[in-house]
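Colleague: Sequence plus the predicted model coming up.
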Amino acid sequence: MYFVILGVLLLLMKVTDYGPVALWSWLAVLWPFAAAVVWWIWADSTGYTKRREMDKMDARVAKRREENLANLGMDAKGRRGKAKK
């Protein structure tokens, strides 16, 4: 996502002839978009994206479990009477 944001900023600077980017070649301005494509291909092929998604889901499940146990008056191991609100 950072590459895309950088690419859009450089593209806007090039089109509006703003700053030193106006003198750069189009290839130099468009490289962040190519880097974003390479990043997305790598992240999907190695499973990096899926692992991050699974980690987020595991964290949500753990948080929900802790909240439910606290509402039932239990501690993190499921024992009654130990939890404090």
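Modeller: Ah, there it is.

Colleague: pLDDT wise, what is residue 84 at?
Modeller: Residue 84 carries a pLDDT value of 54.

Colleague: average pLDDT for the host helix or strand of residue 30?
Modeller: Using DSSP states H and E, residue 30 falls within helix 26-46. Per-residue pLDDT values over helix 26-46 give a mean of 94.

Colleague: what does stretch 60-72 give?
Modeller: Here the average pLDDT along stretch 60-72 is 89.

Colleague: Give the buried residues for it.
Modeller: Neighbour counts over stretch 60-72 (16 or more other Cβ atoms under 10 Å) mark residue 69 as buried. C-beta coordinates here come from the backbone N, C-alpha and C atoms, glycine included.

Colleague: thinking again about what came up before, can you give me the buried ones in the helix holding residue 30?
Modeller: Neighbour counts over helix 26-46 (16+ other Cβ under 10 Å) mark 29, 32-33, 36 as buried.

Colleague: Kindly report the same for stretch 3-11.
Modeller: Those would be 3, 7, 10-11, for stretch 3-11 by 16+ other Cβ under 10 Å.

Colleague: Which residues does that stretch contact?
Modeller: Contact partners of stretch 3-11, identified using Cβ atoms under 8 Å, 6 or more residues apart in numbering, comprise 21, 24, 29-33, 35-36, 39.

Colleague: Including distance to residue 71, could those go into CSV?
Modeller: Formatted as CSV, the contacts of stretch 3-11 follow (distance: Cβ to Cβ, whole Å):
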residue, distance to residue 71
21, 55
24, 58
29, 54
30, 53
31, 52
32, 47
33, 48
35, 47
36, 43
39, 42
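
Colleague: about what we covered before: I'd like a version of the buried residues of stretch 3-11 in a markdown table, one that adds secondary structure, pLDDT and distance to residue 65 as further columns.
Modeller: Formatted as a markdown table, those follow (DSSP: H, G, I helix; E, B strand; the rest coil; pLDDT from 0 to 100; distance: Cβ to Cβ, whole Å):
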| residue | secondary structure | pLDDT | distance to residue 65 |
| --- | --- | --- | --- |
| 3 | helix | 96 | 37 |
| 7 | helix | 96 | 41 |
| 10 | helix | 96 | 45 |
| 11 | helix | 96 | 46 |
